[in-house]
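Asker: Sharing a sequence plus its predicted fold:
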Amino acid sequence: MQLRSFLVEDSGMYTTMLNDNTPSTKTAELFNFYKDSSLARMLNFINEAVMVLSINGTIEMLNSNAASLLDSNRDVLSGENLLSLIYDKSGRSQSQLTHYLHNASTTVINSPPIEVKLTRASVGMKSLPVELSISTLPEELSSSNSLFLCILRDLTIHKAEYTSLKRKAETDFLTGLANRHKFSDYLHEQWMRCEEDKLPLSIVFIDIDHFKLFNDEYGHIAGDKCLKRIGETLSLSLPNRDTLAARYGGEEFALILPNCSAQTAQLLAIRIKRHLSQLSAKHFALMSNARLTVSMGVATQEGQRYDNSDALLNAADTLLYQAKSQGRDQICYL
């Protein structure tokens, strides 16, 4: 037997209606209990999106905030199973919620809130991220601990703010490229993936030749414009979304090229160097034809050449300084 109820507002009063045409004695008792109790009224005065769930996840009651959150109305959602509204193809979220509800029938819920995605009725919005908290209703409000209070909190703004802050924390303000922190995390991630799948991984270091002299002659504002333009050129030169360009420090840049062989990395380095060589001081609003040159070092993890990502990084850095010591404006690779 499932209690099917929804709240109806009639002249400011809330009553509980049953969908069952022939309610059992137990259902009728519950009906009278809810009708006489303050639970229905209480739900509608809570300033949160709130549902009352049965042990199998059926929505027995909900307030207007919960209906608005899901872009629907209470008579449509009442009787629906919350599990069917969860957007998770893996089924992990549904299993977690089922586990909570079944455990709650014998013990007090002490699990932390869980994050799930719920489907919405609005066109063009597949899912809504929410934080879902479940607690057992007191026995005076729930016969045999069979009903549970579920509070939903919209995480849309929180997610957007988190994404924005995360992007800022991982981005170099001047060039818009990844910063060194993001570079290190991504290198570790791609090293593990490429090692597991037996794929090559290449690193390219790029250093602007005589950049200190450029700053001294044209000023730091022009130097910043130069760094920003190089960042834009590198972004446009990346072959696919898996690659990462970062400002490694000062006038030094670095590329992570997953699943990129030594030969492909060398060809890409040659192409990038050609693009950068087309930049001159005139691109930075300066009356000069001074040409921009860079030195580059390219190293690739293939055939277990390096023991770890630090060794690969050191190899690329060594090759970069080899290019600089040999006269700059060139690429060195193994």
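Answerer: Ah, there it is. Numbering: from 1, shown residues only.

Asker: Can you name the next helix or strand after the strand or helix carrying residue 167?
Answerer: Residue 167 is part of helix 156-170, with elements assigned from DSSP states H and E. Note on helix 156-170: by DSSP H and E, the next helix or strand toward the C-terminus is helix 180-197.

Asker: What residues are bridge-paired with the closest residue to residue 137 other than its chain neighbours?
Answerer: Take residue 137 and drop its neighbours on the chain: the residue closest to it by C-beta to C-beta, 6 or more residues apart in numbering is residue 147, 5.0 Å away. C-betas here are computed from N, CA, C, even on glycine. Using DSSP bridges, the bridge partners assigned to residue 147 are residue 54.

Asker: Assess the claim that residue 147 and residue 52 are in contact.
Answerer: Yes. Contact status for residue 147 versus residue 52: in contact at 5.5 Å, counting by C-beta atoms under 8 Å.

Asker: The two: who's more crowded?
Answerer: Set side by side, residue 147 and residue 52 show more neighbours around residue 52, with 25 against 22, by other C-beta atoms under 10 Å.

Asker: Check the contact lists of residue 147 and residue 52 and give me the overlap.
Answerer: 60, 137 (C-beta atoms under 8 Å, 6 or more residues apart in numbering).

Asker: Run the angle between the helix holding residue 167 and helix 180-197 for me.
Answerer: 90 degrees (axes from the mean of the first three to the mean of the last three C-alpha atoms, to 10 degrees).

Asker: So what's the model's average confidence on helix 156-170?
Answerer: The pLDDT scores in helix 156-170 average 91.

Asker: go on, stretch 49-65?
Answerer: Stretch 49-65 comes out at a mean pLDDT of 91.

Asker: ok, the residue lying closest to residue 130 once chain neighbours are set aside to residue 133 distance?
Answerer: Once flanking residues are discounted, residue 130 sits nearest to residue 152: 4.9 Å by C-beta to C-beta, 6+ apart. Counting by C-beta to C-beta, to the nearest Å, the separation of residue 152 from residue 133 is 8 Å.

Asker: If you count surrounding residues, which of the two has more?
Answerer: Of the pair residue 152 and residue 133, residue 152 is the one with more neighbours under other C-beta under 10 Å, namely 23 against 18.

Asker: Please tell me how far that one sits from residue 48.
Answerer: 8 Å.

Asker: And for residue 116?
Answerer: 16 Å.

Asker: for residue 215, same thing?
Answerer: Residue 215 is 56 Å from residue 48, by C-beta to C-beta.

Asker: Between those two, which is the more surrounded one?
Answerer: A count of neighbours by other C-beta under 10 Å puts residue 215 above the other of residue 215 and residue 48, at 16 against 13.

Asker: which residue packs closest to the more buried one, ignoring adjacent ones?
Answerer: Nearest non-adjacent residue to residue 215, counting by C-beta to C-beta, 6+ apart: residue 223, 4.2 Å away.

Asker: The longest strand seen in the chain: how far from the chain's middle?
Answerer: For the chain, the longest strand by residue count, based on DSSP state E, is strand 127-136. Distance, stretch centre to chain centre, for strand 127-136: 18 Å (C-alpha atoms, centre = their mean, to the nearest Å).

Asker: neighbouring strands for it, and are they parallel or not?
Answerer: Its sheet considered, strand 127-136 pairs with strand 114-119 (antiparallel), strand 147-154 (antiparallel) by DSSP bridges.

Asker: As JSON lines, those strands with distance to residue 241 would be great.
Answerer: Below are the strands paired with strand 127-136 laid out as JSON lines (distance: least, C-beta to C-beta, whole Å):
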{"stretch": "strand 114-119", "distance to residue 241": "23"}
{"stretch": "strand 147-154", "distance to residue 241": "30"}
